[in-house]
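Visitor: below are the sequence and a predicted model; questions follow.
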Amino acid sequence: MKGAVMRLRRITGYAGLVLLSGCATYTSKTLPDKVNMPQSAAAVVVQPAQLPFSALRSHIFNPADGLDSDEVAMLAVANNPLLRQARDSLGVARAQAFAAGLLPDPQLSMTSDHPTNGGAGTMNAFNYGLSYDVNALLLRSSRKNAANRDAERVNMELLWQEWQVVSQSKLLFTRLTAQTVLMQQLYAARNLWMQRYQASQHAMAAGNVTMDFASADFIALQNTERQINELERSVAQNRASLNSLLGLDATVQVLLVGEVHPALLDASRVADVVAQRLTKRPDLLALQAGYQSQEEKYRGAVLAQFPVLNVGVTRARDTSGLYTMGFGLSLSLPIFNGNRGNIVIEQATRKKLFDEYQDRLNSAHSEITLALENLPLLQTQLQRTQQGVTALQQLAQHADVAYQAGNLAAPDYVRLQTSLLDKQTESINLAEALMEQRIALETLLGPDLPELRSSK
């Protein structure tokens, strides 16, 4: 009797040691109680090797002299809060893939019976059992493959999100630099109209000019002030959006350097590489990985319809001292359930993912086609507008001389100067739209798109 108890204690002890040797330890982690946002771009560590595009990986990040378009994109990828959460999700997916690849554990059972009214010769009885779920082992392959494809899907979704962040950062850089140029022109126009208005006020007080002469300058001044006020609000909003995208404190003033002068893209050559580029687009690769994962889940559901098999061995002793060795087998009977519900669910989910991939592919082609149709139009309009700006500048110089000599009426002079400012604004806006169109195409197809050979 004592020997049986000792054996039971030894087995329990050995099993406990085996279990404890592979156990993880728990450490608590408290939530933060204060804001933790970088107060400058220099406080962020950028790892070039982790950036999505080769052009960014080879670019030097030096915030001391301001940030150009590529440096803004590098900072955004390194410190964007949503990307940080997406990388955490990738860590979860990889952990799930690791868990899915682990072998199922065997099950150990132990019982002990102590006779309470037995006579002489009775002893304690015990029963030791070791069993294994065979179906869990058979389904391991499909679970592991499905989890690996899910991890790949999350990784591709992260890469696609990085593409979006790069695009958003370059869009904001383009808008802010264009607005800076426009603001300089508006300030120059305001100074001109202010000087004209002050001069006309003095002239009107001296009786040298009439009210319509002075009011023309005042109206032009007020119109320019209105444009400046609207532009200042737009700049403030874009600045706030950029700081949020970069993960910086709202009070940080990011110095942007360099102007964007996009090379003209060759729309016909871009169209030739669409099919090839789409095979490498992260969002489509993510949907492909998700579909492959669902294929594995569907296959696993089909395998799980077969009877659940559990096998094991037992070693026992009854109260009379009789020892036995046995073999156990349990088998489910798939009469009522047979996993048919899960099979239908997985099949329907696969159909949903199939349609989602087809719709995304169709949408990608439509977006690219529309962008390629707009590209030559924007390029032609920009060229014509720049020619118009040059012509108006020359005309404005002659008009200024005529106005000073009193050979040009004030309203005509104001209209000409206003037309020049409007044309310059149109040129800046078209250049911004053309750059945004290029950024959109790079988001849809990736960087390094074919350019017009004549533009090089």
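Guide: Nice, I can see it.

Visitor: after the least confident helix or strand in the chain by mean pLDDT, next one along is what?
Guide: Among the helices and strands of the chain, helix 2-21 carries the lowest confidence by mean pLDDT, DSSP states H and E, at a mean of 56. Using DSSP states H and E, the helix or strand that follows helix 2-21 in sequence is helix 54-57.

Visitor: elements contacting that next one?
Guide: Under the contact definition 3 or more Cβ pairs under 8 Å, 6 or more residues apart in numbering; DSSP states H and E, helix 54-57 sits against helix 69-79. For every residue, glycine as well, the C-beta is placed using N, CA and C.

Visitor: alpha carbons only: can I get the next helix or strand along the chain from the helix it packs on in CSV?
Guide: The helix or strand immediately downstream of helix 69-79 is helix 81-100, counting by DSSP H and E. What follows is the C-alpha trace of helix 81-100 in CSV, where atoms were taken according to Å, rounded to 0.1, in the frame of the first residue of the first chain:
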residue,chain,number,x,y,z
PRO,A,81,1.0,55.6,-34.4
LEU,A,82,-1.3,53.5,-36.6
LEU,A,83,1.7,51.7,-38.1
ARG,A,84,3.0,51.0,-34.6
GLN,A,85,-0.3,49.3,-33.8
ALA,A,86,-0.2,47.4,-37.1
ARG,A,87,3.3,46.1,-36.3
ASP,A,88,1.9,44.9,-32.9
SER,A,89,-0.8,43.1,-34.8
LEU,A,90,1.8,41.4,-36.9
GLY,A,91,3.5,40.3,-33.7
VAL,A,92,0.2,38.8,-32.6
ALA,A,93,-0.3,37.0,-35.9
ARG,A,94,3.2,35.5,-35.8
ALA,A,95,2.6,34.4,-32.2
GLN,A,96,-0.6,32.7,-33.4
ALA,A,97,1.3,31.0,-36.2
PHE,A,98,3.9,29.7,-33.7
ALA,A,99,1.1,28.5,-31.4
ALA,A,100,-0.6,26.7,-34.3
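
Visitor: tell me the mean pLDDT over helix 81-100?
Guide: Predicted confidence along helix 81-100 averages 92 (mean pLDDT).

Visitor: repeat that for stretch 346-362.
Guide: 95.

Visitor: which residue is the nearest non-sequential neighbour of the residue nearest to the spatial centre of the chain?
Guide: The C-alpha lying nearest the average C-alpha coordinate of the chain belongs to residue 161 (Cα atoms, centre = their mean; 1.8 Å). Once flanking residues are discounted, residue 161 sits nearest to residue 86: 5.3 Å by Cβ to Cβ, 6 or more residues apart in numbering.

Visitor: isn't that neighbour up against residue 158?
Guide: Yes: using Cβ atoms under 8 Å, residue 86 is in contact with residue 158, at 4.7 Å.

Visitor: now residue 369. Its backbone dihedrals?
Guide: When quoted as degrees, to the nearest 10, the phi and psi of residue 369 stand at phi -60, psi -40.

Visitor: how much space between it and residue 59?
Guide: Distance, residue 369 to residue 59, by Cβ to Cβ, to the nearest Å: 31 Å.

Visitor: more neighbours: those two, which one.
Guide: residue 59 (18 against 12; other Cβ atoms under 10 Å).

Visitor: which residues touch the more buried one?
Guide: Counting by Cβ atoms under 8 Å, 6 or more residues apart in numbering, residue 59 touches 48, 70, 71, 74.

Visitor: which element is the closest residue to residue 80 other than its chain neighbours on?
Guide: Closest residue to residue 80 apart from its sequence neighbours, by Cβ to Cβ, 6+ apart: residue 165 at 5.1 Å. Secondary structure from DSSP H and E places residue 165 in helix 140-205.

Visitor: can you give me the angle whichever helix or strand comes after that helix makes with helix 69-79?
Guide: Toward the C-terminus, helix 140-205 is succeeded by helix 211-246 as the next helix or strand (DSSP H and E). Put simply, helix 211-246 runs at 40 degrees to helix 69-79, going by axes from the mean of the first three to the mean of the last three Cα atoms, to 10 degrees.

Visitor: what is the rounded mean pLDDT of helix 211-246?
Guide: pLDDT averaged over helix 211-246 gives 89.

Visitor: which secondary structure elements does it contact?
Guide: Helix 211-246 packs on helix 69-79, helix 140-205, helix 410-445, going by 3+ Cβ pairs under 8 Å, 6+ apart.
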